[in-house]
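**Student:** how would this look folded up:
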Amino acid sequence: MKIDVIGDVHGCMDELHALFLKLGYVFQNDSYLHPEGRIPVFVGDITDRGPDSLAVIKLVYQMVVEQQKAHYVPGNHCNKLYRFFLGNQVQEKHGLETTAAEYRALNNRQQKLIRKQFITLYEHAPLYLELPELNVIVAHAGIKESLIGRTDKKAETFVLYGDISGEFHPDGRPIRRDWAKDYYGQTLIVYGHTPVKEPRIINRTINIDTGCVFGNKLTAYRLPEEKTVAVPSKQPLLEEKFKAFN
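**Tutor:** Numbers count the residues shown, from 1 in each chain. Prediction:
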């Protein structure tokens, strides 16, 4: 089994197309297929902030649900969009406002279709993806060893939001603990969620959210090769969005 784990897309459709082509995929039947049967895995947060969130939903739905040629795990932005589509009261900020604006620009029939596609995609997704044959877990914000195998509320919060402390930065962002430096499991954890300029490898973890929507690049991590492949972002660079680790 060979996979390509794709970092947080956040509606950056042009960059996703470019990454698939660089990875050797071929576009056919409204989907990307690899001639060697490689399987893409989306690490969550496929929407919000970027210019083409609905196009990304359509592509990921096609690949994961319709053709069953890819995997997807949800991120915190996915969870919020899911609640938005269910009609729950959610605040349209931190990126959701861009996806909501795209959605409201559609006619009623198109709205029903994209809403149904995303709800189906989300409800059929595992909280995190375990692939024992590659000794890897793909989880949006990561997962600590004690939570592996669990899908309770504590595990869900960690996987979607990271190791949150309950405290906040002055700009409203939650303060997160650096769980990866204390991870000593043997299973490789591939995750995203926290934008970094370069993929961050520490212990048996790798963060591949290289902040495409913030102007850096979109990154994939290939297994079993343990190789990163990236394409540059077309978005303006926002240096303040990137996490610096000690």
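
**Student:** Going by C-alpha atoms from here, please, whenever you check contacts or count neighbours.
**Tutor:** OK.

**Student:** The protein: strands as residue ranges?
**Tutor:** 3-6, 26-28, 31-33, 39-42, 71-72, 129-131, 136-138, 164-168, 174-176, 188-191, 200-202, 205-207, 217-223, 227-232 (DSSP state E).

**Student:** which helices and strands sit right next to the fourth one?
**Tutor:** When you say that, I think you mean strand 39-42. On a contact count with 3 or more CA pairs under 8 Å, 6 or more residues apart in numbering; DSSP states H and E, strand 39-42 meets strand 3-6, strand 71-72.

**Student:** distance between the first one and the chain's centre?
**Tutor:** By that I understand strand 3-6. 11 Å (CA atoms, centre = their mean, to the nearest Å).

**Student:** counting contacts, what elements does it pack onto?
**Tutor:** Using 3+ CA pairs under 8 Å, 6+ apart: strand 3-6 touches strand 39-42, strand 217-223.

**Student:** Using CSV, lay out the strands of the chain together with mean neighbour count.
**Tutor:** Converted to CSV, the strands of the chain look like this (neighbours: other CA atoms under 10 Å):
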stretch, mean neighbour count
strand 3-6, 24
strand 26-28, 12
strand 31-33, 20
strand 39-42, 24
strand 71-72, 26
strand 129-131, 17
strand 136-138, 22
strand 164-168, 11
strand 174-176, 16
strand 188-191, 25
strand 200-202, 15
strand 205-207, 23
strand 217-223, 24
strand 227-232, 16
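
**Student:** Figure out which of the ones you listed is closest to residue 82.
**Tutor:** Minimum separation from residue 82 across the strands of the chain (CA to CA) falls at strand 71-72, 14.3 Å.

**Student:** for the protein, which helix is longest?
**Tutor:** Counting residues, the longest helix found in the chain (DSSP state H) is helix 108-123.

**Student:** which residues sit against that one?
**Tutor:** The contact list for helix 108-123 (CA atoms under 8 Å, 6 or more residues apart in numbering) reads 54, 57-58, 61, 64-65, 74, 78-79, 82, 85, 103-104.

**Student:** Just name the closest of the residues you listed to residue 224, please.
**Tutor:** Proximity of those to residue 224 (CA to CA) peaks at residue 64, which lies at 20.9 Å.

**Student:** Just want the most central residue of this structure.
**Tutor:** Geometric centre of the chain, nearest residue: residue 44, 2.3 Å, by CA atoms, centre = their mean.

**Student:** That one and residue 129 touch, don't they?
**Tutor:** No: Residue 44 is beyond contact range of residue 129, at 11.2 Å (criterion: CA atoms under 8 Å).

**Student:** got any residues that touch both of those two?
**Tutor:** residue 73.

**Student:** pLDDT weak spots in this protein?
**Tutor:** By pLDDT under 70, the low-scoring segments of the chain are 172-173, 246.

**Student:** for residue 20, what are its contacts?
**Tutor:** Going by CA under 8 Å, 6+ apart, residue 20 touches 26, 32.

**Student:** brain fart, residue 199
**Tutor:** Contacts of residue 199 by CA under 8 Å, 6+ apart are 206, 207, 208, 209, 210.
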